[in-house]
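1. pasting the structure only:
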């Protein structure tokens, strides 16, 4: 049985210049066909699905209207056994939150919201090309609480072009003051195929590793002091509020992804659905598989992934999975910490997690 | 063809003085080939040679020429390698001939390489025919060229033929001079076989092809033969002569005294065929071999190591294949603390080394690193024993060393007058001594100098060229050993001595070189997980230090379901990239570092 279900809603009110996820601007006509295709796709897997966690990501899932969300989630409930669901997350953009929608989602069983605030600074929000204002984000957060969501994540971003250490510190302090249950703090990555990447190659944006390192340090320091546990490189939670869905990815569980561009991993196989909504709809309608990429995962590959990803979490990895000499070197070098047979990244190790992972895989 | 109507000759020329063009004209004039098609440099077969504009291998060609006297002659033209690294090979090619065309560019005059090769040819007793080439150039200065011929080379000016290979001027005159002035071969066909091996090539199907000059006797298919130095016996499968076009080998019934040609005898490895060895009939062997044989002694040594230890066998096979065609290249297994298992390799000179490294990388796709090149040092120990050392690692503890002697070369440098002072400065920097200064004409001088070989190994030629804006030329010959205050300079990475970076240097230069190396290594070693300390040490004393600070941040922020494959592949790719680096302790050193160290001075 697959315990983790992801659904990708590929629509956004506006496309952000740094985002590399598959999405397109909303299109009323296509939406209904998309919803039907996703429901039909879920039927194909219904027999082996009994989700404990569900995650609606995108894109912007709340770009869907309340009736559309009701249609989709209601439809999934009819097809899939929802009886075991414990965590049901939906991603929201602060500009697409209303009390009516929030209440409807609560009623549909959604019990966790992840909201992309990114920054509280108007100038930086503009740099990021976000459609919402800081005030709107604050208002949306209040709405979620009003609607009864007791498990809310706020996404923040650092390393934004032009962002100073002082600005970032201020953003963190403001966020902490709101008392969210969970904070994701990402360092901006210049992904290929984004406007940001182009601007970086043109020299308009210059990533500054030293500044980024400083920002990351402040993040760990402030959030730690505020009682958030850094349970993954970019994720901090109050006790009991870790995102179980994401932990499943990092700890190597199987998961099923619905919708265009969604990945699924099932035992020794991983596949990815076609990254084109129209094509996704067409394929599902015609009974073809939606996958356009597949890879076989042998035991070694899964082991490599397990090490690389679990190492990023506060669960660490069994030391026995690491090459002995490398592990000893990393411990001596202050990058790894060893405790009762498991190895964990130290604070410096977290800043260098990729280099450490590369060293031990 | 009667021996009296055979002429064996070669061409001596400086690069770009027109050797190839003249060869082409001779081949065309004698009807050996039709007018040259697209391929420009027929004689220079290897790409690498072509890129560098030099010939390494000699490819002889047989021509038939009907002379003015009405007789038809066979003219065997050998090509000579144009670089001093190959001077023994040149000397054997010359030994296969009775005469040589000495080409001098009318605009450029006599060059250093010409002087060195004329010396070699005179030692072999060759008849020289001077040819002043490119006389049709607007800047040709025939008078000066003729004067240099007399002053520098002591050859009477009236012997010179004025020519332009490009314009086809003087070609017949040259051929007539070959017939008239070069003596016919002196050997006797009825004597016992003695044939000089002056080169060889390797054919995958037929084994080694010996390039030979039959001095006495005859040789034909079916003859039992042996090489006198190695004392290995073979049966001749085929003999013949060379043609410029394919098929390159033209079968003959026999070769006889005076002929230049090839012998194929089922020889599996070119290591068995030593340039200069004498081929004789094993049933009726000659009493003594031909004079002048030497086993080629490499002058420059370097360790070549695979980046990945797993490539050791592959590297060995690749080197074996190279050696099939290049018996002057020596290699034997060695191991290094820092680099693992590899090979100690001997080369005729630095150019030869560069060619081999380049071929290993290009033709065999090997990821390799080479240690700093070394010459052979003589170590006189306090107990009176004399030790030869071609690897700084073999240097004994200095407490038992009485003195270290280094090889010296006599170096001829020709430069335009205005560059004398920077040239003198360069020679001083390189610990050289100018023995003799000679005006070549109103514009140029020749400096006869003595320099330690290890000083000119790496960048001397480049520096000389750049400070004379390309107008300088040089050549050198060995001139014995001299004791000097030499020390071993070590480089330490995180406290570990990297033997690949060790070198033997003059005491006065060691510190500066240590600092330069440390700075260079700091530049080329990428930041990594840990700080990297780089130190230079002489004896136990640290003379320079640098450090590469550790990476600060290297972590991708987002890793969700869809990122896992991409992320894993990225890690694997980076890991693969690291494999192209050499791990020394915890430090990954890129190949580039080993190359940069070679260039640092």
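-> That came through fine. All values derive from a computational prediction rather than experimental measurement.

2. need the residues of the stretch 51-200 of chain A near chain B, please.
-> Residues of the stretch 51-200 of chain A lying close to chain B by C-beta under 8 Å from any C-beta of the partner chain are A:57, A:186-189. The C-beta positions use only the backbone N, C-alpha and C, and glycine is treated the same way.

3. what two of the residues you listed have the greatest distance between them?
-> Maximum pairwise distance in those, criterion C-beta to C-beta, is 19.4 Å, between A:57 and A:187.

4. Residue most distant from the centroid, chain A?
-> Most distant residue from the mean C-alpha position of chain A: residue A:325, 34.0 Å away (C-alpha atoms, centre = their mean).

5. Need the contact partners of the helix or strand of chain A with the lowest mean pLDDT.
-> None of the helices or strands of chain A scores lower by mean pLDDT, DSSP states H and E than strand A:24-25, at a mean of 76. With C-beta atoms under 8 Å, 6 or more residues apart in numbering or on different chains as the test, strand A:24-25 has contacts from A:10-15, A:277.

6. same thing with stretch B:527-535?
-> A:330, A:333, A:335, A:352, A:355-356, A:359, B:491-495, B:518, B:521-522, B:525, B:542, B:544-551, B:586-588.

7. out of those, which are buried?
-> Applying 16 or more other C-beta atoms under 10 Å in any protein chain shown to the contacts of stretch B:527-535, the neighbour count classes A:330, A:333, A:335, A:352, A:355-356, A:359, B:491-494, B:518, B:521, B:525, B:544, B:546, B:548, B:550-551, B:586-588 as buried.

8. mind listing which of those are in strands?
-> B:491-493, B:544, B:546, B:548, B:587-588 (DSSP state E).

9. Relative to residue B:568, how far out is residue A:279?
-> Separation of residue A:279 from residue B:568 (C-beta to C-beta, to the nearest Å) stands at 26 Å.

10. dump the residue contacts of residue B:266.
-> Residue B:266 neighbours (C-beta under 8 Å, 6+ apart): B:206-207, B:234-235, B:237.

11. From the chain's centroid, how far away is the least confident helix or strand of chain A?
-> From the chain centre to the centre of strand A:24-25 is a distance of 19 Å (C-alpha atoms, centre = their mean, to the nearest Å).

12. what's the average pLDDT for the helix or strand just after that strand?
-> Using DSSP states H and E, the next helix or strand after strand A:24-25 towards the C-terminus is helix A:28-45. Averaged across helix A:28-45, the pLDDT comes to 92.

13. Reduced to three states, what does residue B:378 come out as?
-> Using DSSP: H, G, I helix; E, B strand; the rest coil, the structure places residue B:378 in strand.

14. Please name the nearest non-neighbouring residue to it.
-> Nearest residue to residue B:378 in three dimensions, chain neighbours excluded: residue B:405, at 4.1 Å (C-beta to C-beta, 6 or more residues apart in numbering or on different chains).

15. backbone phi and psi for the one you found, please?
-> Main-chain torsions, residue B:405, degrees, to the nearest 10: phi -110, psi 140.

16. just residue B:387 next, same as before
-> Taking degrees, to the nearest 10, you get phi -120, psi 140 for the backbone angles of residue B:387.

17. List the contacts of it.
-> B:378-381, B:394, B:396.

18. let's see 10 Å
-> B:377-381, B:394-396, B:400-401, B:404 (C-beta atoms under 10 Å, 6 or more residues apart in numbering or on different chains).

19. Residue B:565 too?
-> Neighbour list for residue B:565: A:263, A:265, A:270, A:272, A:293, A:295, A:297, A:301, A:305 [criterion: C-beta under 10 Å, 6+ apart].

20. let's see 7 Å
-> A:270, A:295 (C-beta atoms under 7 Å, 6 or more residues apart in numbering or on different chains).

21. May I ask which helix or strand encompasses residue 144?
-> Since you didn't name a chain, this refers to chain A. Counting by DSSP H and E, residue A:144 is part of helix A:134-146.

22. Wait, chain B was what I had in mind.
-> Per DSSP H and E, residue B:144 falls inside helix B:142-153.

23. Next, the buried residues of that helix.
-> B:142, B:144-149, B:151-153.

24. Following the chain past it, name the next helix or strand.
-> Downstream of helix B:142-153, the next assigned helix or strand under DSSP H and E is strand B:161-162.

25. Give me the contacts around that next one.
-> With contact meaning C-beta under 7 Å, 6+ apart, strand B:161-162 is reached by B:129, B:131-132, B:135, B:142, B:170, B:173-174, B:177.

26. Please pick the buried ones from those.
-> Burial by neighbour count, judged by 16+ other C-beta under 10 Å, picks out B:129, B:131-132, B:135, B:142, B:170, B:174, B:177 from the contacts of strand B:161-162.

27. Rebuild the residues you listed as JSON lines, extending it with distance to chain A.
-> Below are the buried ones among the contacts of strand B:161-162 laid out as JSON lines (distance: C-beta to the nearest C-beta, whole Å):
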{"residue": "B:129", "distance to chain A": "63"}
{"residue": "B:131", "distance to chain A": "58"}
{"residue": "B:132", "distance to chain A": "58"}
{"residue": "B:135", "distance to chain A": "56"}
{"residue": "B:142", "distance to chain A": "58"}
{"residue": "B:170", "distance to chain A": "60"}
{"residue": "B:174", "distance to chain A": "61"}
{"residue": "B:177", "distance to chain A": "66"}
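
28. and those, which two are the farthest apart?
-> B:142 and B:177 (17.4 Å).

29. So what would you say the end-to-end distance of stretch B:578-590 is?
-> End-to-end distance for stretch B:578-590, by C-alpha to C-alpha, to the nearest Å: 8 Å.

30. got the buried residues for it?
-> Neighbour counts over stretch B:578-590 (16+ other C-beta under 10 Å) mark B:578, B:581-582, B:584, B:586-590 as buried.

31. Pull the most distant pair out of the residues you listed.
-> Using C-beta to C-beta, the buried residues of stretch B:578-590 span at most 14.9 Å, a distance reached by B:586 and B:590.

32. can you list the buried residues of stretch B:578-590 in JSON lines and add distance to chain A and pLDDT?
-> Below are the buried residues of stretch B:578-590 laid out as JSON lines (distance: C-beta to the nearest C-beta, whole Å; pLDDT from 0 to 100):
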{"residue": "B:578", "distance to chain A": "7", "pLDDT": "78"}
{"residue": "B:581", "distance to chain A": "12", "pLDDT": "79"}
{"residue": "B:582", "distance to chain A": "16", "pLDDT": "77"}
{"residue": "B:584", "distance to chain A": "13", "pLDDT": "78"}
{"residue": "B:586", "distance to chain A": "6", "pLDDT": "78"}
{"residue": "B:587", "distance to chain A": "11", "pLDDT": "85"}
{"residue": "B:588", "distance to chain A": "10", "pLDDT": "86"}
{"residue": "B:589", "distance to chain A": "16", "pLDDT": "86"}
{"residue": "B:590", "distance to chain A": "16", "pLDDT": "82"}
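
33. which of these lies closest to residue B:339?
-> Taking C-beta to C-beta as the measure, residue B:339 sits nearest to residue B:582 out of those, at 6.5 Å.

34. ok, that closest one touching residue B:307?
-> Yes. Assessed by C-beta atoms under 7 Å, residue B:582 is found in contact with residue B:307 at 5.8 Å.

35. shared neighbours of those two, which are they?
-> Contact criterion C-beta under 7 Å, 6+ apart; residues shared by residue B:582 and residue B:307: residue B:369.

36. Could you list the buried residues of the helix holding residue A:144?
-> The neighbour-count criterion (16+ other C-beta under 10 Å) identifies A:134, A:136-137, A:140-141, A:143-145 as the buried residues of helix A:134-146.

37. So which residues of the stretch 251-361 of chain A form helices?
-> A:277-286, A:299-310, A:324-332, A:347-351, A:353-360 (DSSP state H, counting those that start in this stretch).

38. ignore the last one, chain B
-> Applying DSSP state H to chain B gives helices spanning B:19-29, B:47-52, B:87-95, B:112-123, B:142-153, B:171-181, B:312-325, B:350-362, B:420-429, B:453-456, B:460-467, B:507-524, B:563-579, B:591-599.
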